[in-house]
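> Here is a sequence together with a model predicted from it:
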There are 2 protein chains.
Amino acid sequence: MHDVVIIGAGFSGLEAARRLAPDHDVVVMEARERAGGRVLTHTFANGDETDLGGQWAGPGQDRLYGLIAEMGFITYPLWDEGDHLVRAGRLKRYRGTIPSLSIPVLLDLNRALSRFEAMARQLDPAEPWTHPQAQMWDRITVADFLKRHTFTKRAREMFTIGIGAVFCAEPHELSLLHALFYARSGRSLDALLSVSGGAQQDRVHGGMGGLATAVAASLGDVVRYGEAVQAIGWGKDGVTITTSRQSWRARRVILALPPSQALGIRFDPALPPNRDALWRRMPAGACIKCVAQYARPFWRESGLSGQAVGGDLAVRVTFDNTEQGRSAGLLLGFIEGEEARRWSQVSAETRRDAVLDAFAGFFGDEARSPIDYADKDWTSDAWTRGCYASILGPGVWTTLGQNMRDPIGPIHVAGTETAVQGFGYIEGALEAGARAADEVRAALG
Amino acid sequence: MHDVVIIGAGFSGLEAARRLAPDHDVVVMEARERAGGRVLTHTFANGDETDLGGQWAGPGQDRLYGLIAEMGFITYPLWDEGDHLVRAGRLKRYRGTIPSLSIPVLLDLNRALSRFEAMARQLDPAEPWTHPQAQMWDRITVADFLKRHTFTKRAREMFTIGIGAVFCAEPHELSLLHALFYARSGRSLDALLSVSGGAQQDRVHGGMGGLATAVAASLGDVVRYGEAVQAIGWGKDGVTITTSRQSWRARRVILALPPSQALGIRFDPALPPNRDALWRRMPAGACIKCVAQYARPFWRESGLSGQAVGGDLAVRVTFDNTEQGRSAGLLLGFIEGEEARRWSQVSAETRRDAVLDAFAGFFGDEARSPIDYADKDWTSDAWTRGCYASILGPGVWTTLGQNMRDPIGPIHVAGTETAVQGFGYIEGALEAGARAADEVRAALG
């Protein structure tokens, strides 16, 4: 009889374990053979590393910076010097967060962004359904918002690319309330879209995957790999957890996995209908993260930052992902939303070619000749099934959102999707893990 | 090594088994201890019966009428005489399909319905994503359609109640394309909303649950109850199916269960991402079906049909569900969509009182004194998790819909959600079961 079993060795489960392990009998069950969940560091043939999952830290993410420091990891800023590129028709250079577009388009885009931010600021991220306009905003999509509040096609396109970059989903898939909540939970849409001063500001040497591995290692044999949980029996006396290998008894369990993954666990007795219905309405966005490695970051020689946005090729958002202190240059591109559905069905070679085509469209033909390449299609990953996080369609938050994080008897719920601050981010995973640990500590007395 | 294992003993799985069993080695695995799936007949204390799941047959549902006749069951029409009631402000009587409303509201409602039907007629129900406007219609919700094509609040309210009655969901939850497809798949929205000449025309003596039980019994020990499938391994050599009790080998498997229930099965290797993503976007609507039994159908004495619509109480759609040839009168009420979320959380007594309140609001105080009462909250049923069928939100059909019914290696997919004609209805379950059986027959050679 353990005190608590934690399901999932992503940052949320690891944080819960870190807090409980010193004075409780804790077991972490991880279906994979590695820690990290939606965080994963890849090693290139030459030994250089790059993150193929969550990778950034930014202002306000105090828990994450705290963990990085505590584990002895070191951050460095994402390369953010030089001109950015935007393809809206022709390819153009710009600086700052907002691309260089025509004056009417810029005014239009700015007005829509300001309106969105003003609405988001009004929400309580702990209870977004309590806002007086919550039901109205939840019954329309971000596409409805854009139809109403933008007047130029280009502004709508740019806003849509921003939404894609943040949610890995299309505007018509997202409840406006969810998008507003998400921005509020991560400070603001501007912060979520920004590099310096925003959510893409800093990276860590050794990768976020390296950080997760280090945290897991610090927990010792508390973490058990390759044990997929199949069933959870629960009641007043605690829980019985059945994995592919054996059964475990515990007084409490913390679900630290994406909500839609919890649908793969058979609960006995069945969970309350509104919890189940919520999880069935929380599929993840679609994302393929692609990194090409070049002999050097050649784009910097033309005064380019490596950040580009727009176009109609597979990749519509790029960053210079070069590791500080390494000679090789890394270009990072995201394939998102409907594009990810399409490019997840082709061969690895076809996808690589399409990504390099898109890179070349921004940075010239030199981008067609990397020395190495890696990508990760998160929709194909059976233990994640999409990234970065769950998306909520119209009507879900206001009818079912109250079931997001409350415990059900001895079952506690963590994972970034249950966070108040940083929903969808590593920061939120840490907050949720800490909160669930507090709940368990209080319950165990 | 069996020829085929069929998962689910609802009408779809049973139909596949009926077609394959004569000349193949077939096993049907059913998690419950009964056949029928989303069809279920309840027996009152006095021995009278009523369906608490799917219950109707109507014109065009030739497969269902054929099965009823073949099994020796007899249909009778739902009681459809007398005045219907509509509560839109005051309670009013009317006849026919369209409630008596003010002239401007009637014109408005008629125009919106005609427009909807005209759009639906243009779709190919086998491939709704191929229509030239498919993407546009898929990116907006039924709520968007109503905003654009109705001008009076009352018309919007009545249309919304109709949508609730057909989908057990709210207009803002539904892709317009899905609603149009669904109407086309079931002939027309008018047919789906109608009693005589429509989808609520006929019932069967002994109940639809009785019919399912009879079909299952005719298959003998082919059907195995209480075996919940946990995992399916698959490859060129067939499938290995692991249940709560044992493992089974077969050359082919047919999944004849709601798509979202398939998420509870662990596939090895994992299913293609777009199939998984589709199923994760197919939660079911929310429905509680409620039947009160009275000494006699007292409402008929006041010239009422027992059919009522509207209001703002728990039940907004009622029918006279009296069994032909019995003296007791049965009133049937549906709690749907957001209301079902609310009323699924209260005690059985509280819900019963709310339902009787709503019945009394339409049919007078006599409705408060039934001799018996039964209801079924389908959102609480762990093997169904909602009714009548899956609903598709914006963007799903056009990006993922092509993955609805194709086999994946030795895995075939049945269930009403894969039907071309009668998606969401028993008719569709039969079509899908027959189609999957044909696929398996062809594959086994």
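Sure thing, it's come through.
> which residues in the stretch 151-300 of chain A form helices?
For the stretch 151-300 of chain A, applying DSSP state H, counting those that start in this stretch gives helices covering A:153-167, A:176-185, A:189-193, A:207-218, A:259-262, A:273-279.
> which residues touch the third one?
The one in question is helix A:189-193. For helix A:189-193, the surrounding residues in contact (C-beta atoms under 8 Å, 6 or more residues apart in numbering or on different chains) are A:58-60, A:97, A:113, A:116-117, A:120, A:162, A:165-166, A:182-183, A:186, A:197-199. Backbone N, C-alpha and C define where each C-beta goes, glycine included.
> among those residues, which ones are buried?
A:58, A:60, A:97, A:113, A:116-117, A:120, A:162, A:165-166, A:182-183, A:186, A:198-199 (16 or more other C-beta atoms under 10 Å in any protein chain shown).
> Filter those to keep only those in contact with chain B.
Applying C-beta under 8 Å from any C-beta of the partner chain to the buried ones among the contacts of helix A:189-193, one finds that nothing falls near chain B.
> A:Val86: what's its closest spatial neighbour, skipping adjacent residues?
In space, and not counting its chain neighbours, A:Val86 is closest to A:Pro99: 3.6 Å by C-beta to C-beta, 6 or more residues apart in numbering or on different chains.
> Could you check how many residues crowd around the one you found?
23 (other C-beta atoms under 10 Å in any protein chain shown).
> Where does it sit: helix, strand or coil?
coil (DSSP: H, G, I helix; E, B strand; the rest coil).
> Cross-check the contact I'm expecting between it and A:Gly89.
No: between A:Pro99 and A:Gly89 there is no contact under C-beta atoms under 8 Å: 11.7 Å.
> related to what we said a few turns ago, which of the buried ones among the contacts of helix A:189-193 sits closest to A:Ala442?
When the buried ones among the contacts of helix A:189-193 are compared for distance to A:Ala442 (C-beta to C-beta), A:Gly60 wins out at 27.0 Å.
> can you list the residues that contact stretch A:424-433?
A:10-19, A:37, A:39, A:54, A:57, A:60-64, A:67, A:182, A:185-186, A:199, A:208, A:254, A:256, A:388-389, A:405, A:413-422.
> ditto for stretch A:202-217
A:9-11, A:14-15, A:18, A:28, A:34-37, A:39-42, A:49-58, A:67-68, A:71, A:73-78, A:223, A:321, A:323-325, A:426.
> Can you show me the strands along the stretch 1-150 of chain A?
A:2-7, A:26-30, A:41-43, A:49-51, A:75-77, A:83-88, A:90-94 (DSSP state E, counting those that start in this stretch).
> Of all those strands, which one comes closest to B:Lys153?
strand A:83-88 (40.8 Å).
> In space, not sequence, find me the middle residue of chain A.
Nearest to the geometric centre of chain A sits A:Tyr388, at 3.1 Å (C-alpha atoms, centre = their mean).
> Could you check how far that residue is from A:Met71?
A:Tyr388 sits at a distance of 22 Å from A:Met71 (criterion: C-beta to C-beta, to the nearest Å).
> In helices only, show me the contacts of stretch A:424-433.
A:11-19, A:62-64, A:67, A:182, A:185, A:208 (DSSP state H).
> Can you check the pLDDT for A:Ser100?
pLDDT, A:Ser100: 74.
> That one - nearest residue in space that isn't next to it in sequence?
A:Ser100 sits nearest to A:Tyr94 (C-beta to C-beta, 6+ apart), 3.7 Å away.
> quick one on the thing from earlier: can you lay out the strands of the stretch 1-150 of chain A as JSON lines showing mean neighbour count and mean pLDDT?
As requested, the strands of the stretch 1-150 of chain A are exported to JSON lines (neighbours: other C-beta atoms under 10 Å in any protein chain shown; pLDDT from 0 to 100):
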{"stretch": "strand A:2-7", "mean neighbour count": "25", "mean pLDDT": "98"}
{"stretch": "strand A:26-30", "mean neighbour count": "25", "mean pLDDT": "98"}
{"stretch": "strand A:41-43", "mean neighbour count": "17", "mean pLDDT": "98"}
{"stretch": "strand A:49-51", "mean neighbour count": "23", "mean pLDDT": "98"}
{"stretch": "strand A:75-77", "mean neighbour count": "14", "mean pLDDT": "98"}
{"stretch": "strand A:83-88", "mean neighbour count": "21", "mean pLDDT": "92"}
{"stretch": "strand A:90-94", "mean neighbour count": "13", "mean pLDDT": "91"}
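> Now render those as JSON lines, adding distance to B:Thr243.
As requested, the strands of the stretch 1-150 of chain A are exported to JSON lines (distance: least, C-beta to C-beta, whole Å):
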{"stretch": "strand A:2-7", "distance to B:Thr243": "23"}
{"stretch": "strand A:26-30", "distance to B:Thr243": "23"}
{"stretch": "strand A:41-43", "distance to B:Thr243": "38"}
{"stretch": "strand A:49-51", "distance to B:Thr243": "40"}
{"stretch": "strand A:75-77", "distance to B:Thr243": "50"}
{"stretch": "strand A:83-88", "distance to B:Thr243": "54"}
{"stretch": "strand A:90-94", "distance to B:Thr243": "58"}
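> circling back to that earlier point, residues in contact with the residue nearest to the centre of chain A?
By C-beta under 8 Å, 6+ apart, A:Tyr388 lies in contact with A:38, A:54, A:167-168, A:284-285, A:287, A:424-425.
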